[in-house]
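Chemist: sequence unknown, structure follows:
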């Protein structure tokens, strides 16, 4: 699918299988999600721009590469996005963080905003939006639009699982935003859940129903 990168590294696929297993504990699920976030973060930031800076190593001076421009922003779609966010901050601790609070109306499947907080100068930063699931696409589309409304113009979307229906809807709404995912599953069921999927990521992460 154009604009979609499936990160099919064997370690990611192995850990994803363990997450899918319904017998995996809450603690195990949470740990695996954080570990996969490390690997996904590596891929979604693979081509970010570098510049050089003069430093002194113990052996002498050199011009060494560092990330160019303003600090990255990781934008978490609450609440499940925080599972990916924690792992990504392990790798990029200096990143700024935005939170977009959305919940899905179970009757309409549409997204309703209840919270938004983001760093300044969004127009000068690369924004990586994170949410474990791209199911109907409604939450991701709404979150991206709210970030664009605040000036963001360089965005990527990172998820653990995606459904073809969600990808189609998302790319139609935001064709300028690349999608990175660990897997594209079969379809959505009548309740808007990804099949075979892994259930509700937020509930499995936090031990709620």
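Modeler: Good, I have the coordinates. All values reported here derive from a predicted model rather than from experimental measurement.
Chemist: all helices of the protein, in order?
Modeler: Counting by DSSP state H, one finds helices in the chain at the ranges 10-20, 26-44, 81-91, 138-149, 164-173, 201-206.
Chemist: helices or strands up against the last one?
Modeler: Counting contacts by 3 or more C-beta pairs under 8 Å, 6 or more residues apart in numbering; DSSP states H and E, the secondary-structure elements packed against helix 201-206 are helix 26-44. Glycine gets a C-beta too; all of them are placed from N, C-alpha and C.
Chemist: packing partners for the helix it packs on?
Modeler: Here helix 26-44 touches helix 10-20, helix 81-91, strand 155-162, strand 178-184, helix 201-206, going by 3+ C-beta pairs under 8 Å, 6+ apart.
Chemist: please repeat the previous calculation with a cut-off of 10 Å.
Modeler: Other elements packing on helix 26-44 under the criterion 3 or more C-beta pairs under 10 Å, 6 or more residues apart in numbering; DSSP states H and E are strand 4-6, helix 10-20, strand 73-78, helix 81-91, strand 127-130, strand 155-162, strand 178-184, helix 201-206.
Chemist: most tightly surrounded among these?
Modeler: When those are scored by mean count of other C-beta atoms under 10 Å, the highest mean neighbour count falls to strand 127-130 (a mean of 27).
Chemist: most centrally placed residue in the protein?
Modeler: Nearest to the mean C-alpha position of the chain, counting by C-alpha atoms, centre = their mean, stands residue 130 at 2.2 Å.
Chemist: and the gap between that residue and residue 67?
Modeler: For residue 130, the distance to residue 67 equals 18 Å [C-beta to C-beta, to the nearest Å].
Chemist: still on that earlier bit, in a markdown table: the helices and strands packed on helix 26-44, plus mean pLDDT.
Modeler: Below are these laid out as a markdown table (pLDDT from 0 to 100):
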| stretch | mean pLDDT |
| --- | --- |
| strand 4-6 | 96 |
| helix 10-20 | 96 |
| strand 73-78 | 95 |
| helix 81-91 | 93 |
| strand 127-130 | 97 |
| strand 155-162 | 97 |
| strand 178-184 | 97 |
| helix 201-206 | 90 |
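Chemist: closest to residue 119 out of those?
Modeler: Minimum separation from residue 119 across those (C-beta to C-beta) falls at strand 73-78, 5.8 Å.
Chemist: and the direction of that closest one versus that of helix 81-91, what angle?
Modeler: Using axes from the mean of the first three to the mean of the last three C-alpha atoms, to 10 degrees, one finds that strand 73-78 and helix 81-91 are set 150 degrees apart in direction.
Chemist: which neighbouring elements make contact with strand 73-78?
Modeler: Applying 3+ C-beta pairs under 10 Å, 6+ apart, we find strand 73-78 packed against helix 26-44, helix 81-91, strand 96-104, strand 111-117, strand 127-130, helix 138-149, strand 155-162.
Chemist: what angle separates it from strand 96-104?
Modeler: Using the same axes, to 10 degrees: strand 73-78 against strand 96-104 is 20 degrees.
Chemist: perfect, I'm done here.
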